[in-house]
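# let me see the structure of the following:
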Amino acid sequence: MISLEDSLALHATGEGAWRAFSDPENEAGTGMFGGWTAALLLKAVLSDARMQGEPAALNVNYVSRIPPSSELAITTRVLDQGRSIATWQAEVRVEGAEEVAATASVVAGNRRDGIGGFVEGAMPAAPDPATLQVFHPPGPFGQRIDLRPTEMRMPFNAPTTHSLSWLRDMAGHPADHVLLAYLSDCFMPRIFAKSSGFRPSSTLTMSVYFYATAAELAAVGDDYILSDVIGTRAEAAISGSQLRLWSRAGALLATSEQLAWYK
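Down below sits the predicted model:
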């Protein structure tokens with residue numbers, strides 16, 4: 001198993017231009033894992049020498065399938081950059097193709113300490129991950145995820161779409177914004193919980209909002225992160241979900257909203 005950092009390796013080909021490789025270890029069965037694509041686009045923006053500040057928001061639109069073991073071309077460009085806030089756009093294509101496979105917008109900000117804040121709600125109670133059984137999500141990417149559900153059961157015909165799981169990268173990638181983007185897509189489609197079996201589902205768009213401070217990320221290191229996910233509504237082939245990622249110490253690291261297609 002190669003590291004997540006190596007899987008997301010970027011090679012600059014000019015200002016705001018990169019080449020990458022769709023690592024087959026991060027395939028999700030029908031194409032590249034959506035969390036990997038989100039992490040790749042975010043990393044490209046963060047690697048741009050013109051980038052200032054820390055990421056506050058990431059929105060990814062999944063346009064078409066990215067085949068594994070493909071050469072990729074990525075472009076990044078700044079739409080606006082002021083003293084406090086910057087807005088970036090990134091796109092990825094399979095090399096040689098005109099069509100965009102995924103797009104991302106990234107909002108970055110210069111954080112300011114000491115001006116007050118709040119957290120609404122608290123981290124849910126969860127057993128120590130060492131007491132829980134390991135589960136690997138289906139697909140090659142799942143083999144690099146140490147996922148420990150607080151309740152080990154089949155997902156079908158469930159009374160609720162809510163799930164609570166500890167997550168970490170098997171290769172020990174330390175907590176950072178790229179890893180948070182990667183883990184934000186690491187949960188089963190919520191439509192499964194209200195169905196009698198597996199059914200086709202594909203992410204259309206995913207937004208990730210980053211709250212973790214540098215000190216909180218450093219404190220997590222390569223430890224487990226608690227993933228708290230619930231569905232919002234599924235109707236007429238469109239399904240929504242919401243996620244919160246917590247550190248073991250109870251810091252809210254990131255939240256995410258996702259919209260998926262199903263049939």
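# how far away is the nearest residue to Ser3 once chain neighbours are set aside from Ala28?
By the measure of Cβ to Cβ, 6 or more residues apart in numbering, the closest residue to Ser3 outside its immediate chain neighbours is Ala171, 4.8 Å from it. All C-beta atoms are positioned from the backbone trio N, CA, C, and that covers glycine. For Ala171, the distance to Ala28 (Cβ to Cβ, to the nearest Å) stands at 18 Å.
# quick one: which of these two has more around it?
More crowded of Ala171 and Ala28, by other Cβ atoms under 10 Å: Ala28, with 21 against 16.
# show residues contacting stretch 41-52.
8, 10, 12, 15-16, 18, 20, 55, 58, 60, 74, 76, 78, 81, 86, 88, 90-92, 102-104, 106, 108, 110, 177-178, 181 (Cβ atoms under 8 Å, 6 or more residues apart in numbering).
# before we move on, back to that, which residues sit in contact with the residue nearest to Ser3?
Under the criterion of Cβ under 8 Å, 6+ apart, the neighbours of Ala171 are Met1, Ile2, Ser3, Leu4, Arg144.
# ok, now Cys186?
Taking Cβ under 8 Å, 6+ apart, one finds Gly35, Pro137, Ile145, Leu147, Leu167, Ser227 in contact with Cys186.
# try 6 Å this time
The neighbourhood of Cys186, defined by Cβ atoms under 6 Å, 6 or more residues apart in numbering, consists of Gly35, Ile145, Leu167.
# quick one: the strands in this structure?
In the chain, the segments counted as strands under DSSP state E are 11-14, 17-21, 54-62, 71-81, 85-94, 102-109, 145-149, 163-169, 201-210, 225-235, 238-247, 252-262.
# now these in JSON lines, with distance to Ile115, mean neighbour count and mean pLDDT?
Conversion of these to JSON lines gives the following (distance: least, Cβ to Cβ, whole Å; neighbours: other Cβ atoms under 10 Å; pLDDT from 0 to 100):
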{"stretch": "strand 11-14", "distance to Ile115": "36", "mean neighbour count": "11", "mean pLDDT": "97"}
{"stretch": "strand 17-21", "distance to Ile115": "35", "mean neighbour count": "18", "mean pLDDT": "98"}
{"stretch": "strand 54-62", "distance to Ile115": "15", "mean neighbour count": "21", "mean pLDDT": "97"}
{"stretch": "strand 71-81", "distance to Ile115": "22", "mean neighbour count": "17", "mean pLDDT": "96"}
{"stretch": "strand 85-94", "distance to Ile115": "15", "mean neighbour count": "20", "mean pLDDT": "97"}
{"stretch": "strand 102-109", "distance to Ile115": "13", "mean neighbour count": "21", "mean pLDDT": "97"}
{"stretch": "strand 145-149", "distance to Ile115": "36", "mean neighbour count": "20", "mean pLDDT": "96"}
{"stretch": "strand 163-169", "distance to Ile115": "31", "mean neighbour count": "21", "mean pLDDT": "97"}
{"stretch": "strand 201-210", "distance to Ile115": "17", "mean neighbour count": "20", "mean pLDDT": "96"}
{"stretch": "strand 225-235", "distance to Ile115": "26", "mean neighbour count": "18", "mean pLDDT": "97"}
{"stretch": "strand 238-247", "distance to Ile115": "22", "mean neighbour count": "20", "mean pLDDT": "98"}
{"stretch": "strand 252-262", "distance to Ile115": "18", "mean neighbour count": "19", "mean pLDDT": "97"}
